[in-house]
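Peer 1: below is the sequence, then the predicted model.
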Amino acid sequence: MATRSLSKISQRVLAAGLISVSHCSLADEAVTTPSQFQSMESIATLNAAEAEQAAAAEQDSTPWALRVDIGWDSKYLSEGRNNLPDSGIFWLNAAAQYGNLTTYALVGRADNSAYTEWNIGLEYALSVSEHLDANIGYQRIESFSDGRSQDNELFAEIAYNRLPWLVPAISYVYSTEAAGYFVEASLHSNWPLSERFTLTPYIIQGFDFKYITPDHNGRNHLQFGLEAHYQLTANIELYGHLSHSLAQSDIIREAQANGDLSSQDQTYAGLHLVMNF
């Protein structure tokens with residue numbers, strides 16, 4: 001079974017981008033006469049500015065954040081391959097962030113077969129420039145089915161976010177078990193339809209270099225789809241996606257070597273509830 005690389009591009013539900021809780025302040029209102037209105041307005045403006053500065057200072061002084069994600073995918077798809085042909089998969093992830101450092105633990109459980117997977121990792125976020133963000137990290141993978149398998153992965157990603165409607169990114173993951181690496185180049189386009197609802201079409205091109213198949217290198221799969229984000233409350237978000245993956249030379253050659261001449265293209269969907277604390 002192919003090991004799942006945790007794509008920091010397509011989902012961002014594990015470690016990067018933990019949502020900070022905004023701080024709100026309330027001011028008491030008092031009845032004023034017309035002659036007092038102008039001076040009170042100036043004081044209120046000053047108080048509002050001071051409150052905003054205090055909220056910003058409070059946010060800076062409390063760098064902790066916690067994110068919990070509960071979700072289900074109709075297929076367990078990674079690197080363009082369906083890892084559980086007869087089953088979907090449930091996911092539970094908890095990520096704790098302190099400043100730029102995030103630690104996370106993810107468990108996946110197949111809904112119609114005996115398969116369990118654990119991912120435990122660390123990630124460090126880097127601000128390269130005003131519009132260029134990057135992260136690097138490590139994760140340990142343990143999976144249990146008929147037997148037990150494990151892997152150690154090093155990963156990195158860089159994204160350019162100057163234009164929200166066109167965000168290019170490149171991710172890299174290296175497997176110590178396979179002694180190979182996998183690269184994804186992506187484009188995401190964020191379109192807020194309201195204050196709460198955002199649609200994000202995306203496209204990803206994957207390249208395999210002995211990460212999955214030791215005998216084939218190069219183009220692996222082309223995936224595209226639509227993500228939807230709905231902000232239920234200030235701290236709770238509903239996330240869903242519909243995705244289609246087109247098999248390319250690496251996947252096709254692997255299937256043919258195993259005597260499988262059927263189409264390797266895949267379509268799947270998922271729904272997640274994300275809570276930020």
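Peer 2: Right, received. Where do you want to start?

Peer 1: only C-alpha atoms from now on, for both contacts and neighbour counts.
Peer 2: Noted.

Peer 1: mind listing what's buried in stretch 132-142?
Peer 2: Counting neighbours by 16 or more other C-alpha atoms under 10 Å, one finds that the buried residues in stretch 132-142 are 133-139, 141-142.

Peer 1: so can I have a markdown table of those showing distance to Asn161 and secondary structure?
Peer 2: Putting the buried residues of stretch 132-142 into a markdown table (distance: C-alpha to C-alpha, whole Å; DSSP: H, G, I helix; E, B strand; the rest coil) gives the following:
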| residue | distance to Asn161 | secondary structure |
| --- | --- | --- |
| Asp133 | 8 | strand |
| Ala134 | 11 | strand |
| Asn135 | 14 | strand |
| Ile136 | 17 | strand |
| Gly137 | 20 | strand |
| Tyr138 | 24 | strand |
| Gln139 | 25 | strand |
| Ile141 | 30 | strand |
| Glu142 | 33 | strand |
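
Peer 1: got the contact list for stretch 191-204?
Peer 2: When contacts are defined by C-alpha atoms under 8 Å, 6 or more residues apart in numbering, stretch 191-204 is touched by residues 10, 164-165, 184-190, 222-232.

Peer 1: show me the shaky parts of this structure.
Peer 2: 1-62 (pLDDT under 70).

Peer 1: where along it do the helices fall?
Peer 2: 34-61, 249-257 (DSSP state H).

Peer 1: the top strand by length along the chain vs helix 249-257, what angle?
Peer 2: Within the chain, and with DSSP state E defining each element, the longest strand by residue count is strand 217-231. Computed by axes from the mean of the first three to the mean of the last three C-alpha atoms, to 10 degrees, the angle separating strand 217-231 from helix 249-257 equals 110 degrees.

Peer 1: pairing partners for strand 217-231, with directions?
Peer 2: strand 197-209 (antiparallel), strand 236-247 (antiparallel) (DSSP bridges).

Peer 1: in the longest one, what's buried?
Peer 2: Spelled out, that is strand 197-209. When neighbours are counted by 16+ other C-alpha under 10 Å, the buried residues of strand 197-209 are found to be 198-209.

Peer 1: which one of those residues sits closest to Gly259?
Peer 2: Each of the buried residues of strand 197-209 was checked against Gly259 using C-alpha to C-alpha; the closest is Asp208, at 20.6 Å.

Peer 1: I'd like to know how many residues surround the nearest residue to the closest one once chain neighbours are set aside.
Peer 2: Nearest residue to Asp208, sequence neighbours excluded (C-alpha to C-alpha, 6 or more residues apart in numbering): Phe182, at 4.8 Å. Using other C-alpha atoms under 10 Å, Phe182 is surrounded by 22 other residues.
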